[in-house]
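**Q** requesting a structural model of the entry that follows:
(one chain, ligands or ions: 1)
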Amino acid sequence: MGQPVNIGVVGCGVIFAQYRKTIERLPELRLLAVADLDLERAREAVGPDADVEVLSVAELMADPRVDVVLNLTIPAAHAEIASRAIAAGKDVYCEKPLAATTADAARVLREAAAAGVRVGCAPDTVLGTGTQTARKAIDDGLIGRPVAATATMLTPGHERWHPNPDFYYAPGGGPLLDMGPYYITSLVTLLGPVTTVIGAGTRTRPKRTIGSGPRRGEEIPVTVDTYVTGVLVHASGALSTLVMGFEGAATKAPNIEVHGERGSLVVPDPNHFDGSVLLARAGGQGWETMPATAGHAEAGRGVGLLDFATSPSDQEPRAGGTLGYHVLDVMESLLSSAQSRSAVTVASTCERPEPVALLPAE
Ligand SMILES: NC(=O)c1ccc[n+]([C@@H]2O[C@H](COP(=O)([O-])OP(=O)(O)OC[C@H]3O[C@@H](n4cnc5c(N)ncnc54)[C@H](O)[C@@H]3O)[C@@H](O)[C@H]2O)c1
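**A** Numbers count the residues shown, from 1 in each chain. Take a look at the predicted model:
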């Protein structure tokens, strides 16, 4: 094996620790440096004894040793940080969504193409055994031609546990832009790209109260819909019904179900890498639990970065910018359909990402 790919992280908040754990156990990747607007937060996140440099954002971008910028900032900053990485000639892998708007995301992809660098985008949870086993079941014909899917995410809202939840209630956030990427990326992985959407949305209270951390009790404004629902029409003809809400105390609805002409599948939580896939064959004896047959076993956040950093440069990575853009476009189209109260054609498309063979834990 050659030299590891040097990763420079921008944004050392809540999700940084999960990426760090994955990067540190993968010999192909090396966590070289971190940066944050708040340098003290970056120092604290790294800890006193770590062999990781803490730099300013400008220093990290200018550092010739950094091969890939891992963009773990808040959604409103994704495009700005991606553009700075691209301008520095570096590949950039962004947390989801790719940007707060498709206009920003399109600019990032144009800049990357002009600079000859690559853009990757989370989520990579769909590369785990959960979604990948379901995909293999569909590709192997176990449910026949897929006809429809349902996808449901309902929670009371992230302000209960996140110490700085402002971004979840600002443009670029909300249940759709925050959690939709997991569900829509999974639906595109399973059923292919989306051509048309019909959406509706609503919100309740204009403020939310932070429930944890030093700002506990502080009220933050809500400027986005906190319950969004809709139908996605896939190019294949399959229909997915989506429910994304920060307005439910709890739900017993499955995260994702896919129904085909010859059977139905329960697909595990697309925000997790693993979980059991259930299969019911038409005319069969109820649900069977499938063994894991595809995907990264025991994976963590960062396997998409591994795929991105190690795949050939002429190949679209599985967690790629084109897919990230299409998923954002589907979400934005849903919101504009909700506003206009009419169906909206999704302008972009993408290939179904390459499947992942069953890979043992690293
Ligand atoms: N928290 C989660 O459970 C979770 C899970 C999966 C994905 N994500 C995604 O990860 C990203 C980060 O989420 P988080 O929960 O870690 O957020 P966070 O608010 O905890 O951390 C974000 C960090 O980015 C820094 N930052 C913001 N703008 C910056 C800029 N312009 N330059 C440099 N640093 C900047 C902030 O100072 C902060 O330290 C988001 O896109 C989110 O959707 C979060």
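**Q** the helices in this protein, which residues?
**A** Using DSSP state H, the helices assigned to the chain run over residues 16-25, 39-46, 57-62, 75-87, 102-115, 129-139, 174-191, 303-310, 321-340.
**Q** now those helices as JSON lines including mean neighbour count, mean pLDDT and distance to the ligand?
**A** To be clear about C-beta, it is placed using only N, CA and C from the backbone, and glycine gets the same treatment. Converted to JSON lines, the helices of the chain look like this (neighbours: other CB atoms under 10 Å; pLDDT from 0 to 100; distance: least, CB to the nearest ligand atom, whole Å):
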{"stretch": "helix 16-25", "mean neighbour count": "18", "mean pLDDT": "97", "distance to the ligand": "6"}
{"stretch": "helix 39-46", "mean neighbour count": "17", "mean pLDDT": "96", "distance to the ligand": "5"}
{"stretch": "helix 57-62", "mean neighbour count": "18", "mean pLDDT": "98", "distance to the ligand": "5"}
{"stretch": "helix 75-87", "mean neighbour count": "22", "mean pLDDT": "97", "distance to the ligand": "4"}
{"stretch": "helix 102-115", "mean neighbour count": "18", "mean pLDDT": "98", "distance to the ligand": "13"}
{"stretch": "helix 129-139", "mean neighbour count": "25", "mean pLDDT": "98", "distance to the ligand": "16"}
{"stretch": "helix 174-191", "mean neighbour count": "26", "mean pLDDT": "97", "distance to the ligand": "6"}
{"stretch": "helix 303-310", "mean neighbour count": "23", "mean pLDDT": "97", "distance to the ligand": "11"}
{"stretch": "helix 321-340", "mean neighbour count": "23", "mean pLDDT": "98", "distance to the ligand": "12"}
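**Q** so which of those helices gets nearest residue 269?
**A** Closest to residue 269 of the helices of the chain is helix 129-139 (CB to CB; 7.1 Å).
**Q** and the closest one, C-alpha only, in CSV?
**A** Taking C-alpha atoms only, helix 129-139 is exported to CSV below (Å, rounded to 0.1, in the frame of the first residue of the first chain):
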residue,chain,number,x,y,z
THR,A,129,-24.7,-3.7,5.3
GLY,A,130,-28.3,-2.3,6.0
THR,A,131,-29.1,-0.4,2.8
GLN,A,132,-26.6,-2.5,0.7
THR,A,133,-28.2,-5.8,1.6
ALA,A,134,-31.6,-4.4,0.7
ARG,A,135,-30.2,-3.1,-2.6
LYS,A,136,-28.8,-6.5,-3.4
ALA,A,137,-32.1,-8.1,-2.6
ILE,A,138,-33.8,-5.8,-5.1
ASP,A,139,-31.0,-6.3,-7.7
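**Q** that one to helix 174-191, inter-axis angle?
**A** On the basis of axes from the mean of the first three to the mean of the last three CA atoms, to 10 degrees, helix 129-139 is oriented at 40 degrees to helix 174-191.
**Q** touching, residue 124 and residue 307? I think so.
**A** Yes. Residue 124 lies in contact with residue 307 (CB atoms under 8 Å); the separation is 7.3 Å.
**Q** common neighbours of those two, please.
**A** Listed as contacting both residue 124 and residue 307 by CB atoms under 8 Å, 6 or more residues apart in numbering are 318-319.
**Q** much appreciated, bye for now.
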